[in-house]
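>>> The sequence and its predicted three-dimensional model are supplied below.
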Amino acid sequence: MSHDSTISDVAQLKLGKVTKYSGQYDPSLLQGVPRSLHRKVLGIAQQQPFAGCDVWHGYELSWLNAKGKPVVALARYIFDASSPNIVESKSFKLYLNSFNQTRFASSSEVQELMQTDLSMVSGGKVEIHFFSPQQWRAFLIKPIPGMCLDDLDVEIQHYQLSPELLCVDQTKQQVQETLYSHLLKSNCLVTRQPDWATVVLSYKGQKINHAALLQYLISFRMHDEFHEPCVERIFMDILSQCKPEYLTVQASYTRRGGLDINPFRTSDPTQHPEIYRINRQ
């Protein structure tokens, strides 16, 4: 399956089309995108060499209580990477907006409805946590672990995806390190709007050439793909080109429409994402 055929397969989504906002709860607004579409392109549709999850944060969540008084909250949604479908982000936003003018007896009722609806569209279990605006510590900005690559003095010639740039150092030194960059940019597969992210890479094995890694990440700049497939592509490219013993890739994408997406993929199924917020989110 080609990249172009993947675009054709998602053309029926609400994404990139004029849509009406519903003021009343409407789970039919949700749309799923099969993960298998992009995993076929990567050659991992049947079996994936990673575990992980997608952590979403919702900053614009509201509904009415039984007396009609507005309630506002923040939410964390955690989708397992093994679920059959990605929730398409615009449909998720439209779905959340449909709660705005709907009355509910309690926040637990809202949470239970979302649990049911999101599990149905994703095809897997979804973990949901609500936070009040007073629980500000849950959304504190935290420093990113590891070494930043962005100050490396590199010449950039590739702005289209170039996995062949990746390589290990000639020294063949064995290391265990965490690296990150704020320079990841790709474009939405449908609308071509820019998607901005900070990506964090932890690995063990032959030392990856830092300059080559940065050049590779920058080569996503004109690439069209959704957030989750981008992270899985980064994971697979590094795994193929550099062959680390252990690898984790986590990206923190800036929010759009009140939602940010933070995909996490790891070769160690016992590992879990470090949930933190960067200042661009």
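On my side now, so go ahead.
>>> Please, where are all the strands along the chain?
Along the chain, the segments classed as strands by DSSP state E run 32-34, 51-64, 70-80, 85-87, 126-131, 147-148, 174-187, 194-206, 246-253, 259-266.
>>> Could you check the fifth one and say which residues are buried?
It refers to strand 126-131. Within strand 126-131, the residues that qualify as buried are Val126, Ile128, Phe130, Phe131, counting by 16 or more other CB atoms under 10 Å. Placement of C-beta: from N, CA and C, glycine included.
>>> Work out the sheet partners of it and label each with its direction, please.
With DSSP bridges as the test, strand 126-131 is paired with strand 70-80 (antiparallel).
>>> quick one, the strand it pairs with and strand 259-266 angle?
With axes from the mean of the first three to the mean of the last three CA atoms, to 10 degrees applied, the angle from strand 70-80 to strand 259-266 works out at 20 degrees.
>>> Is Cys53 bridged to anything, and to what?
With DSSP bridges as the criterion, Cys53 is bridged to Asp80, Phe264.
>>> isn't it right up against Tyr77?
No. If you go by CB atoms under 8 Å, Cys53 and Tyr77 don't touch, sitting 10.0 Å apart.
>>> Which residue ranges of the chain form helices?
Assigned by DSSP state H, the helices in the chain fall at 3-9, 36-42, 89-97, 107-122, 210-218, 227-242.
>>> Nearest approach to Glu177 belongs to which of these?
Among those, the nearest to Glu177 by CB to CB is helix 210-218 (9.4 Å).
>>> For that closest one, enumerate the helices and strands it packs against.
The contact analysis (3 or more CB pairs under 8 Å, 6 or more residues apart in numbering; DSSP states H and E) places helix 210-218 against strand 174-187, helix 227-242.
>>> Could you tell me the average pLDDT over that helix, please?
For helix 210-218, mean pLDDT is 98.
>>> same thing with stretch 185-199?
Averaging pLDDT along stretch 185-199 yields 96.
>>> ends of it, how far apart?
Start and end residues of stretch 185-199 are separated by 10 Å (CA to CA, to the nearest Å).
>>> what do you get for stretch 126-139?
20 Å.
>>> tell me the contacts of the closest residue to Ile78 other than its chain neighbours?
Leaving aside its sequence neighbours, Ile78 sits nearest to Glu127 (CB to CB, 6 or more residues apart in numbering; 4.0 Å). Residues in contact with Glu127 (CB atoms under 8 Å, 6 or more residues apart in numbering) are Arg76, Tyr77, Ile78.
>>> what's the answer for Tyr276, then?
Leu140, Ile141, Lys142, Ile144, Ser252.
>>> one more time with 10 Å
Phe139, Leu140, Ile141, Lys142, Pro143, Ile144, Pro145, Val200, Gln250, Ser252, Asn262 (CB atoms under 10 Å, 6 or more residues apart in numbering).
>>> so how far is Asp260 from it?
Per CB to CB, to the nearest Å, Tyr276 is found 12 Å from Asp260.
>>> so where's the stretch 101-250 of the chain shaky on pLDDT?
Across the stretch 101-250 of the chain, nothing is flagged by pLDDT under 70.
>>> coming back round to it: out of the strands of the chain, which is closest to Gln215?
Using CB to CB, these put strand 174-187 closest to Gln215, at 10.1 Å.
>>> Quick one: list the elements packing against that closest one.
Counting contacts by 3 or more CB pairs under 10 Å, 6 or more residues apart in numbering; DSSP states H and E, strand 174-187 packs against strand 147-148, strand 194-206, helix 210-218, helix 227-242, strand 246-253.
>>> Which one of the ones you listed lies nearest to Pro84?
Taking the helices and strands packed on strand 174-187 one by one with CB to CB, helix 227-242 is closest: 12.7 Å.
>>> Go ahead and produce PDB holding the CA coordinates of the closest one.
What follows is helix 227-242, C-alpha atoms only, in PDB (Å, rounded to 0.1, in the frame of the first residue of the first chain):
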ATOM      1  CA  HIS A 227       1.000  12.300  14.500                       C
ATOM      2  CA  GLU A 228       0.900   8.600  15.500                       C
ATOM      3  CA  PRO A 229       2.200   7.200  12.200                       C
ATOM      4  CA  CYS A 230       5.100   9.800  12.300                       C
ATOM      5  CA  VAL A 231       6.200   8.500  15.600                       C
ATOM      6  CA  GLU A 232       5.900   4.900  14.500                       C
ATOM      7  CA  ARG A 233       7.900   5.700  11.300                       C
ATOM      8  CA  ILE A 234      10.600   7.300  13.400                       C
ATOM      9  CA  PHE A 235      10.800   4.200  15.600                       C
ATOM     10  CA  MET A 236      10.900   1.900  12.600                       C
ATOM     11  CA  ASP A 237      13.500   3.900  10.700                       C
ATOM     12  CA  ILE A 238      15.900   4.100  13.700                       C
ATOM     13  CA  LEU A 239      15.300   0.400  14.500                       C
ATOM     14  CA  SER A 240      16.100  -0.500  10.800                       C
ATOM     15  CA  GLN A 241      19.000   1.900  10.200                       C
ATOM     16  CA  CYS A 242      20.800   1.900  13.700                       C
END
